Every structure is written in C-alpha cells, then in structure tokens.
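Undergrad: Test case, fold it:
(chains A and B, ligands or ions: 2)
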Amino acid sequence: MIAILEQGLLLALAAMGVYISFRLVDLPDLTPDGSYIVGGAVAVVLLRSGHGWVSATLLAALAAGAAGFITASISTRFRIHTLLASIMVMTGLYSVAIRIMNAPNLPIPRFSTEKILSYEQVVGKTPLDDILGGVGNLQYESQGMKAVTVPFNNRADGHDLILIASLLLLISFLFWLFLRTELGTMLRGYGRNRFAVKVLGVNPNLFALMGLTVANFLVGLSGALFSMYSGFADVNMGTGMVVVCLASVILGEIIFGSREVAYGLFFPIVGAVVYQILLTLAMKYGYRIGFKPSDMKLLTAMFVVSVIAARRLKKSEVTV
Amino acid sequence: MIELERVTVIYNRGTLDEKVALKNVDLLVEEGQFVVIVGANGAGKSTLMKVVVGEVKPTFGVCRIMGQVLKEEKIFKCGSIVCQDPNLGIFPNLSIEENLMLARKKGFRGLSFGRVDPKAIELLRSCELGLEENLKKRASKLSGGQKQALAMVMAVSSNPKLLLLDEHTASLDPKSTEKIMELTDRINKTLGTTILMITHDMSIAEQYGDTVIVMEDGRIVARIDKSKQKVQASQLKSMIKSKLTATT
Ligand SMILES: Nc1ncnc2c1ncn2[C@@H]1O[C@H](COP(=O)(O)OP(=O)(O)OP(=O)(O)O)[C@@H](O)[C@H]1O
Ligand SMILES: [Mg+2]
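TA: Numbering: from 1, shown residues only, chains lettered A, B, ... in the order given. Ligands and ions are numbered 1, 2, ... in the order given. Next up, the predicted model:
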C-alpha cells in the first residue's frame, strides 16, 4: 500500500502540471509526454556524472520547464494552437532524450561512471564479492569513485513516502501562495478571459509562457524523481503521460465535485493517488476478466473520453 | 484626445471578401467629451472603435491618441473598453474582490498581495445593483447587469483617460440599462473621463452625451453638438432619423 501511495504522489506532481496547463491557464498542452522523459533523462545522466540528487533533480525540472517555454513560444509567436505546437515539441523531445542519454534507456549505477561502465560498477560489487561475502562499495570508493546517492531506499517503510509527500505539500503550498498574489490572480484570470488581461495593459502571452513553463517544470520534476525511484530512465516512460494525468485530474474533480478548495490544487493530488490505486487493482485482479496490464492505456483513454462525453451531454460548454 | 485623419479601413483587401468598412473618416474628440455614435448595423461603428484601440490598423490615414500613433498595448495603458458581452469585461472565475484588485491599476503585477481600492467599492455601491453586498462572490454567478456594472467599475478604477463603450447596454434589461447609463454619465462628469460610446438605443443617444455622431455605410454623415445647436431632446431623435434616411 505504501508503495502505491508513493507512486501515486510521484504521479501527482506531473498531474499538477497537467492541471495547470489544461485547467488553470486553459491551454491544452501535450509537451508532458516528452518533458517527463527529459526530466528523467537529465536527472539520470547528471547522477551518473557525479552530481548530487538535489541539483540533478532541479536541473532536470528546469530542462523540462524549458520545453514548456518552447511550446508556449511557438504557440504565441506564430499563433499556432498549443495542441499543435506541443505535438511538435513532444515529438522532438523524443530524439532529444535519446541524445541526452546516448541510449534509449539508462540505469542509475551505484557509482558515478564518467569513464567506465561495467556490470560490477552498476551493481556495486563484483561476482567475487558475492562468493567471498566482501563489501564491494569499499573497493570502488577506494578507487576514488563517488557513490551515487538517490533519496529513495525503495523499502516501502514510509521513508520514501514522507519524503515525496513533504515535497509535494511544499510545492502545493508555495504554488497556492503564488496564486493568491496579484500576479497569480491575474494568471488565474487569464485562464478564463484573455481579453480582459489585454485591456489591463498586459500582454496575455506572458501568462501562456509562465503557465506552460511551470506546468512542464512540475512534470519534469516528477519524471526525475520517478527515475530515481525506479532506478532508470527510459525513452518510453513518458508515453501517454498527458492522458494518465488528465484522467487523474478528472478523477479528482469527480471526487471533489463543485467544491473548489485551494484553487483546485487538490484535484490532481487526490486524483493521481486514486488513479494509482485503481491501476494496481486492475493489474492485480484484472487477469480474472482477461485484462492485461497493457490494456490500461486504452482503459484510461476511454475513461477520459467518456467523462468528457458525459459532461458534454449535461451542459453545453466544456473544456477538455 | 482622439484624432482620426482621413481613415479608410478595408478588410480582406485584394480578396473576394474585400469590404470597405470605413471611408475617409475624419473625427476629433476633445478631452472630457462624451461622444455617442449611432448608425445602422454594418455602418462601421465597431470598426471605428477598433481603429481607436489599435486593434485594426487604418488601410489609409492615421489615428492619433493624445497626439501620438500608439500601439494596442500602449492604448490600453491609458484607456479601457467595455463591450456588449458582459463576460468580456470581467474575470468570471475570480471573486468580485479579486476582479477589483486586478483592475486597480494597469500593467504587469508583482508577487504582492493586492488590496481593493475603497473608491471602487464606493462606485460599485452607487450603481445600486447589490454588488457590494458579497465581495467574495464569484463573478460568473452575477446577472448580466451586475457583470456589466462590475466591468464598468473595473474599466474606470485605474483612472483611464479614455473609456470606449461598444453597445455596453445592449444585452441589459431597462432597469440595469438605466443604472449603467447613470454610472457612465457620472464617470464622465465626476472623473472627467473622455467617453466614446456606441448605441442603438435612440433614447440613450437623446438623453446622454454632449455630441452625437451619425454613421452610415462607413462614413460619418452628421455630427450633432447638443449644447451648441441647442437641440431639444425630441428634436434630436427626428434629426438623427432624417440624417439616417437622407442617405439611404
Ligand atoms: N474582421 C472583419 N473581417 C471582415 N469584415 C469585417 C470584419 N469586421 C467587420 N467587417 C465588416 O465591416 C462592416 C462594418 O462592421 P462593423 O462591425 O464596424 O459594423 P457596426 O456598425 O459595428 O455594426 P453593428 O451595429 O452590427 O455592430 C460590416 O459590413 C462587416 O461585415
Ligand atoms: Mg458593432
């Protein structure tokens, strides 16, 4: 159960990003499918080259945020719908991620591997250590190599959960505070009325840039932390990210109904946890009704479409 | 304040949809004036206003605001616009309070927590539409008249020099219309804001403003200065009517 919560809260970070783009600033953005991988790829590469996990995570999130900035720039500069602009960026990021990793996937080794990469280094001990029961780490440290530290221990003992939850709470609180300021209020206003922003003598495009940058920053953060959590980055890990996050946001909206607490920032958090629980249940018991784990994406997409359809039937005006 | 010199606007020039919306229009509006524009559908009234705010560039001629040719962003730093649709002038997902807080001044914002200007609330109260009762209310829940009143107060709370009104009472009931028009007049009289207003309502054109401009087919066909020509209210209506029919 703890592991499910951990993964749910990691997903919540990305879902919060999607909530910002799709709901708060109302700019449908598919960049997350790519910026999630970029977040993971940058983080892993930096860890391997000896960076600490804090700076690696931060830089990874910034790289992903830059992707969002590029999408918004293309969209505003050339007056293209964000959907189209983000498809371009997302597709391009696939190649960029492979360039960053120099491979389609990359594990996080126990020791920084600037020069060599061997099985022993990745695992942290040699086959001889297994037989003789020696402690491998010491051997590598004595060779002057830096140990790679990740913040997670993967023991599902609550340590990881507390870390992820506090990070999520801190970010939500800071963002909530931001949304209360004049700038944040205007950002929220922009989401529903671009024209009124213009009449206030402010260029509305600034908010498109701000919104998509912050959104993808959070997605990249999620990708970076997930890579550290699972021990690798893979070029396919971002596929379907937007749909999964959107499903989480919608789940949250259904759970909270019309009560909009804290500008709806809890929608993606609660939604992502519920999504993760549903996912686990489907994986665990789904086989009884002939369900395969790979069917999950189809199911998620169908869920999103059916909720939108249901809303469309109820009232005429719906945003995706 | 506003100076249009031989302004011609041609939409979709050089295509099958080519449309001449303004033909050689000259217009001078002095500071503090309250000018009302009337005319049939398609006469080019909204186009004239779009030229003033810089949204549409004149194909020929120039438009100067306070002696300068300004870009759209600059014009909204010293001017505001309220349109026919009550949802355009407000932020529907924000509370009345937050709306007023944002409208307090023009330009970009910082990370401070804003306040509401007490003067704005005073202005809100003066419309007598019950807006000041619950400032925490979401603006989307207001009635059309209430929204428009809020939009008007927002438009003037940054003390703009120029206020443009494009049929801002068109979707309102008679009572709201009266309240909004009283507010409009008060803004012009007490704050000295220059107003350019479009209306289809002849009784409004009679009652408010000091100059009436009649437009027809992209031209200004008459300019009636109420104070100079000492026209009676009843006369004005027939004057406008005769001008409108004379050209068609
Ligand atoms: N963006 C546009 N592209 C092409 N033609 C336009 C455009 N806007 C307006 N027109 C045309 O220009 C003419 C003048 O339009 P305008 O909106 O200025 O009229 P109006 O006097 O405001 O009319 P109404 O009373 O209906 O609001 C109309 O014939 C209209 O079809
Ligand atoms: Mg019009």
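
Undergrad: check contacts around residue 83.
TA: Chain wasn't specified; assuming chain A. Residues counted as contacts of A:Leu83 (CB atoms under 8 Å, 6 or more residues apart in numbering or on different chains) are A:Pro28, A:Asp29, A:Leu30. From N, CA and C alone the C-beta is placed, and that goes for glycine too.

Undergrad: switch to chain B, that's the one I care about
TA: For B:Cys83, the contact set (CB under 8 Å, 6+ apart) comprises B:Gly89, B:Asp166, B:Glu167, B:His168.

Undergrad: need the contact list for the second one.
TA: The one in question is B:Asp166. Here B:Asp166 is in contact with B:Lys45, B:Ser46, B:Met49, B:Ile81, B:Val82, B:Cys83, B:Gln84, B:Ile198 (criterion: CB under 8 Å, 6+ apart).

Undergrad: Could you rerun that using 6 Å?
TA: Shown in contact with B:Asp166 (CB atoms under 6 Å, 6 or more residues apart in numbering or on different chains): B:Ser46, B:Met49, B:Cys83, B:Ile198.

Undergrad: give the contact list for residue 223.
TA: Unless you meant another one, I'm taking chain A. A:Tyr36, A:Gly39, A:Gly40.

Undergrad: try again with chain B
TA: For B:Arg223, the contact set (CB under 6 Å, 6+ apart) comprises B:Ile213.

Undergrad: Same question for B:Leu94.
TA: B:Leu94 neighbours (CB under 6 Å, 6+ apart): A:Gly189.

Undergrad: Retrieve the pLDDT associated with it.
TA: On pLDDT, B:Leu94 comes in at 95.

Undergrad: in the longest helix along chain B, what's buried?
TA: Criterion DSSP state H: the longest helix present in chain B is helix B:174-191. By 16 or more other CB atoms under 10 Å in any protein chain shown, the buried positions in helix B:174-191 come out as B:Ser176, B:Thr177, B:Lys179, B:Ile180, B:Met181, B:Leu183, B:Thr184, B:Ile187, B:Asn188.

Undergrad: name the helices or strands packed onto it?
TA: Counting contacts by 3 or more CB pairs under 6 Å, 6 or more residues apart in numbering or on different chains; DSSP states H and E, helix B:174-191 packs against helix B:144-156.

Undergrad: please redo it, this time with the cut-off set to 10 Å
TA: Packing partners of helix B:174-191 (3 or more CB pairs under 10 Å, 6 or more residues apart in numbering or on different chains; DSSP states H and E): strand B:34-39, helix B:118-126, helix B:144-156, strand B:162-166, strand B:194-198, helix B:202-207.

Undergrad: related to what we said a few turns ago, export the contacts of A:Gly223 to a markdown table and tack on secondary structure, pLDDT and neighbour count?
TA: Below are the contacts of A:Gly223 laid out as a markdown table (DSSP: H, G, I helix; E, B strand; the rest coil; pLDDT from 0 to 100; neighbours: other CB atoms under 10 Å in any protein chain shown):
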| residue | secondary structure | pLDDT | neighbour count |
| --- | --- | --- | --- |
| A:Tyr36 | helix | 97 | 35 |
| A:Gly39 | helix | 97 | 38 |
| A:Gly40 | helix | 96 | 32 |
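
Undergrad: Dump those residues to JSON lines, plus distance to ligand 1.
TA: As requested, the contacts of A:Gly223 are exported to JSON lines (distance: CB to the nearest ligand atom, whole Å):
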{"residue": "A:Tyr36", "distance to ligand 1": "41"}
{"residue": "A:Gly39", "distance to ligand 1": "43"}
{"residue": "A:Gly40", "distance to ligand 1": "46"}
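
Undergrad: how about the residues of chain A that lie near chain B?
TA: The interface of chain A toward chain B, taken as CB under 10 Å from any CB of the partner chain, is made up of A:24, A:26, A:177-178, A:180-193, A:195-203, A:206, A:260, A:263.

Undergrad: By neighbour count, which of the contacts of A:Leu83 wins?
TA: Within the contacts of A:Leu83, most neighbours by other CB atoms under 10 Å in any protein chain shown means A:Asp29, with 31 neighbours.

Undergrad: How about that one: what's its closest non-neighbour residue?
TA: Distance criterion CB to CB, 6 or more residues apart in numbering or on different chains; nearest residue to A:Asp29, sequence neighbours excluded, is A:Ser21 at 4.0 Å.

Undergrad: and the one you found, that's in a helix?
TA: Yes - according to DSSP: H, G, I helix; E, B strand; the rest coil, A:Ser21 belongs to a helix.

Undergrad: What number of residues are in the vicinity of residue 169?
TA: No chain in the question, so chain A it is. Residues near A:Leu169, counting by other CB under 10 Å, number 12.

Undergrad: if you could check chain B rather than the one you did, that'd help
TA: As a burial measure, B:Thr169 scores 24 neighbours (other CB under 10 Å).

Undergrad: could you redo the helices and strands packed on helix B:174-191 as TSV and give each row mean pLDDT?
TA: Shown next, in TSV, are the helices and strands packed on helix B:174-191 (pLDDT from 0 to 100):
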stretch	mean pLDDT
strand B:34-39	93
helix B:118-126	90
helix B:144-156	92
strand B:162-166	94
strand B:194-198	95
helix B:202-207	88
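
Undergrad: Of all those, which one is nearest B:Val221?
TA: Closest of the helices and strands packed on helix B:174-191 to B:Val221 is strand B:34-39, at 8.3 Å (criterion: CB to CB).

Undergrad: Enumerate every residue touching residue 27.
TA: You didn't pick a chain, so chain A it is. Each residue near A:Leu27 by CB atoms under 10 Å, 6 or more residues apart in numbering or on different chains is listed here: A:20-21, A:71-72, A:75-76, A:81-83, A:85-86, A:190-191, A:207-208, A:211-212, A:215.

Undergrad: Can you look at chain B instead?
TA: Counting by CB under 10 Å, 6+ apart, B:Leu27 makes contact with B:2-5, B:7, B:35, B:37, B:48, B:51-52, B:63, B:196, B:213, B:220, B:223.

Undergrad: now the angle from the one helix or strand it maps to to strand B:34-39?
TA: Under the criterion of DSSP states H and E, B:Leu27 resides in strand B:19-29. On the basis of axes from the mean of the first three to the mean of the last three CA atoms, to 10 degrees, strand B:19-29 is oriented at 160 degrees to strand B:34-39.

Undergrad: Strand B:19-29 - which strands sit beside it in the sheet, and in what orientation?
TA: Strand B:19-29 sits in its sheet next to strand B:2-11 (antiparallel), going by DSSP bridges.

Undergrad: residues of the strand it pairs with that come out buried?
TA: For strand B:2-11, burial by neighbour count (16+ other CB under 10 Å) applies to B:Ile2, B:Glu3, B:Leu4, B:Val7, B:Val9, B:Ile10.

Undergrad: try stretch A:153-164
TA: Of the residues in stretch A:153-164, A:Asp160, A:Leu161, A:Leu163, A:Ile164 count as buried by neighbour count, 16+ other CB under 10 Å.

Undergrad: now stretch B:28-42
TA: Within stretch B:28-42, the residues that qualify as buried are B:Val29, B:Gln33, B:Phe34, B:Val35, B:Val36, B:Ile37, B:Val38, B:Gly39, counting by 16+ other CB under 10 Å.

Undergrad: Quick check, the fifth one in contact with B:Met215.
TA: No - here B:Val36 lies out of contact with B:Met215, judged by CB atoms under 10 Å, at a distance of 11.0 Å.

Undergrad: Name the residues contacting each of these two.
TA: Counting by CB under 10 Å, 6+ apart, the common neighbours of B:Val36 and B:Met215 are B:Ile198.

Undergrad: What is the most widely separated pair among the buried residues of stretch B:28-42?
TA: Farthest-apart pair in those is B:Gln33 and B:Gly39; separation 18.3 Å (CB to CB).
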